[in-house]
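K.L.:
Build me a structure from this.
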Amino acid sequence: MSLSNDDIEKNKYSIEELEKNISPLSMTMLVNYQILTADFCAKYILDEDNMDCYEERDRLDYWYVLRKQPHITRQELLESMKKYNR
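P.N.:
Model prediction:
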């Protein structure tokens with residue numbers, strides 16, 4: 001199954017499903033509409049190579065992720081960022 005940005009706006013998916021379909025997806029859409037883990041955010045959301053455009057590079061940062069994913073603590077995200085060298 002291949003996911004689109006429309007899919008992730010309308011439905012919730014597991015981390016495994018999102019990882020399998022990461023390439024065509026907008027990182028902004030993911031962080032805004034899905035429930036993500038700290039590791040997923042550090043590995044994909046905060047990786048500039050996955051960002052669609054300069055606008056995403058300006059918007060998607062540590063604080064944005066914490067605002068949009070309130071279940072992730074600052075400590076969890078920092079530890080994951082260290083693990084993935086972000």
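
K.L.:
gap between the helix ranked longest in the chain and the chain center?
P.N.:
Identified as the longest helix of the chain according to DSSP state H is helix 74-83. Centroid separation between helix 74-83 and its chain, computed with CA atoms, centre = their mean, to the nearest Å, is 14 Å.

K.L.:
Just checking, which helix or strand of the protein averages the lowest pLDDT?
P.N.:
Across the helices and strands of the chain, mean pLDDT, DSSP states H and E gives its lowest value to helix 54-59, namely a mean of 70.

K.L.:
Show the pLDDT at residue 26.
P.N.:
Confidence at residue 26, expressed as pLDDT, is 91.

K.L.:
so what's residue 1 up against?
P.N.:
In this structure, residue 1 makes contact with 17, 21, judged by CB atoms under 8 Å, 6 or more residues apart in numbering. Using the backbone N, CA and C atoms, a C-beta is placed for each residue, glycine as well.

K.L.:
scratch that, residue 51
P.N.:
27, 57, 60.

K.L.:
do the same with residue 60
P.N.:
Residues in contact with residue 60 (CB under 8 Å, 6+ apart) are 27-28, 31, 45-46, 51.

K.L.:
State the number of residues packed around the nearest residue to residue 81 once chain neighbours are set aside.
P.N.:
Distances taken as CB to CB, 6 or more residues apart in numbering place residue 42 nearest to residue 81, at 4.7 Å, with adjacent residues excluded. Residue 42: 25 surrounding residues under other CB atoms under 10 Å.

K.L.:
And what about residue 42, helix, strand or coil?
P.N.:
Residue 42 falls in the helix class when you classify it by DSSP: H, G, I helix; E, B strand; the rest coil.

K.L.:
Help me confirm that it comes into contact with residue 80.
P.N.:
Yes: the pair residue 42 / residue 80 is scored as a contact, 3.7 Å apart, by CB atoms under 8 Å.

K.L.:
Roughly how far does the closest residue to residue 35 other than its chain neighbours sit from residue 2?
P.N.:
Excluding the flanking residues, the one nearest residue 35 by CB to CB, 6+ apart is residue 12, at 6.6 Å. Residue 12 sits 17 Å away from residue 2, taking CB to CB, to the nearest Å as the criterion.
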